[in-house]
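In: only geometry, no sequence info:
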């Protein structure tokens, strides 16, 4: 399909191929070859599958040396996506490769992390450093990044090749806005945000994504799209911090915080979330992408910073409420109904309990536990795990176990 003009000559561009470039962190490499955060991650592969099925673009996905075939390990509980991936591989020729080959249309979804309170986005720039033939191609960054990263990405390509973004090749930022285990639902529900480095880049990327996205929101620049992605999760972090602050206040007065929340939320302009621990790959990390950058520019985002402090302190606060020898924690995943133990708030809670007292016998239950090994006891049986418990902490609800805050 012809969707734009050649960046140098003004001739039509026929988009035939698309590549998702990533970084394999599970394999322990720093090469430019895997999906977002982990091998076969549902979030990083969703766009890949959709473009393969709903456009004329040929798709290649870059994975690590330990994943030369598409790995559905992390889609175990997203049955719809798992089945769609299987059909796409069989019917549309979706492939995995360890070679970085630039296509006409390239999507970068490498892992971006936080070390301490500082963003670690070396994988992004490693990708940029590997690109050698960008002319007349389009590059779309989807990983969560600090402001101005897309501009820096294009700058590295320009420095290495002499070709300029917006003149010789296209650049845009379009953040991932989906979450497992509801990747397909989110992809079909949420608008796709596109911030092109120029009008032509924005147009081309929007045309490709419009083949499957319910709608496209074109913003004025990659910078706007980058900040939007960060602020979406930071906004939720702030709201959780308010709920946690409210819970601490209710403790002082000896009243039920959930009764207060239910009553207050009967007012149409009030929407207080439930208090609790914050875990995962996004909400506890994304605020640091903006905090670190604005502080370098002489401004301290006090409200965002304090919200992070409040939420991080909740593990120690909950640990301080615990008494007794056998402490049972229900839920190891960072969110309900998904197998995702990395970056779980439960791990922080265990550390806090151990720091408080080595006398606690900590046992964790999660319905999605497999044969994983941990440095704490786990028990798959719900009724068995609570036998003889002195304290039970519901860290993460689950419809599988029938446990929820309600």
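Out: Now that the structure is in, tell me what you want to look at. Here the structure is a predicted model, which means the values were calculated and not measured. Numbers count the residues shown, from 1 in each chain.

In: which residue ranges of the stretch 201-350 of the chain form helices?
Out: For the stretch 201-350 of the chain, the helices defined by DSSP state H, counting those that start in this stretch cover 222-253, 257-264, 286-296, 302-321, 345-356.

In: ditto for the stretch 51-200 of the chain
Out: Going by DSSP H, counting those that start in this stretch, the stretch 51-200 of the chain shows helices at 79-92, 122-130, 149-161, 183-189, 199-209.

In: highest average neighbour count across the ones you listed?
Out: Greatest average neighbour count among those goes to helix 199-209 (a mean of 21), per mean count of other C-beta atoms under 10 Å. (Each C-beta comes from the backbone N, C-alpha and C, glycine too.)

In: what mean pLDDT does that helix get?
Out: The average pLDDT within helix 199-209 is 93.

In: got it, and stretch 126-146?
Out: For stretch 126-146, the per-residue pLDDT averages 92.

In: burial of residue 383, as a residue count?
Out: 8 (other C-beta atoms under 10 Å).

In: residue 177 versus that one, what's the distance?
Out: Distance, residue 383 to residue 177, by C-beta to C-beta, to the nearest Å: 39 Å.

In: cool, residue 391 as well?
Out: 38 Å.

In: so what's residue 396 up against?
Out: Taking C-beta atoms under 8 Å, 6 or more residues apart in numbering, we find residue 396 in contact with 330, 331, 332, 333, 334, 335, 336, 344, 345, 346, 366.

In: find the nearest non-adjacent residue to the last one, please.
Out: To tie it back to what came earlier, the one meant is residue 366. residue 332 (3.9 Å; C-beta to C-beta, 6 or more residues apart in numbering).

In: what does the second one give?
Out: In this structure, residue 331 finds its nearest non-sequential neighbour in residue 396, 2.7 Å apart by C-beta to C-beta, 6+ apart.

In: per-residue pLDDT, that neighbour?
Out: At residue 396, pLDDT is 89.

In: three-state assignment of residue 362?
Out: Using DSSP: H, G, I helix; E, B strand; the rest coil, the structure places residue 362 in strand.

In: residues in contact with it?
Out: Counted by C-beta under 8 Å, 6+ apart, residue 362 has contacts 327, 329, 350, 353, 354, 376, 377.

In: now do it against residue 347, distance only.
Out: From residue 362 to residue 347 the distance is 11 Å (C-beta to C-beta).
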